[in-house]
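*Asks:* here is a sequence with its predicted model. Questions after.
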Amino acid sequence: MSFLEIRRSVKRKATVIVFTKTIKITQIGSTIPDKIAFEMHRTQLFYYKSRQCSNYWEFGHSQKFCHSLIICRSCSFNHSEKECKENDEEKCESCGDDNEEKNTKKKLKF
């Protein structure tokens, strides 16, 4: 098992930085161990709340930081969703699912 990064979470209380008990471990691969041998801490699967750009509909960033052209979520053409004439059939730009809810409610598993 190879680790990319091990980082302890911190909190700021006024002007003092306080270390928490939470440690984020990023590993290579898709298998998740039950325990990590150092002090035998139990591991817990973390579901990252995905960010999806409402400008280009890609995951990983928000519209505020997007430098791409506007793409319609319904038909994938170069216009805003409000201007779309094909709004009857909404599909997720990333996975193609028919979904009535906004695609930002999806969660990515890491």
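*Replies:* Okay, I see it. A quick note: this is a predicted structure, and the numbers were derived from the prediction, not measured.

*Asks:* low-confidence bits of the chain, can you list those?
*Replies:* The chain contains residues with pLDDT under 70 at 1, 35-48, 87-110.

*Asks:* just the strands from it, written as ranges.
*Replies:* Ranges of strands in the chain, per DSSP state E, are 2-13, 16-28, 35-36, 41-42, 47-49, 107-109.

*Asks:* just the ones you listed: most buried one?
*Replies:* Highest mean neighbour count of the strands of the chain: strand 35-36, a mean of 13 (counted as mean count of other CB atoms under 10 Å). In short, each C-beta sits where N, CA and C put it, glycine included.

*Asks:* residues in contact with Cys84?
*Replies:* Counting by CB atoms under 8 Å, 6 or more residues apart in numbering, Cys84 touches Cys72, Ser74, Cys75, Phe77.

*Asks:* now with 10 Å, please.
*Replies:* Cys72, Arg73, Ser74, Cys75, Ser76, Phe77, Glu90 (CB atoms under 10 Å, 6 or more residues apart in numbering).

*Asks:* of these, closest to His61?
*Replies:* Taking CB to CB as the measure, His61 lies nearest Arg73 of the contacts of Cys84, at 15.6 Å.

*Asks:* quick one: the closest one from Phe3, how far?
*Replies:* According to CB to CB, to the nearest Å, Arg73 and Phe3 sit 37 Å apart.

*Asks:* with Lys49 instead?
*Replies:* Distance of Lys49 to Phe3, given as CB to CB: 23 Å.

*Asks:* picking that back up, show me the two of the contacts of Cys84 that sit farthest apart.
*Replies:* Maximum pairwise distance among these (CB to CB): 13.9 Å, between Phe77 and Glu90.
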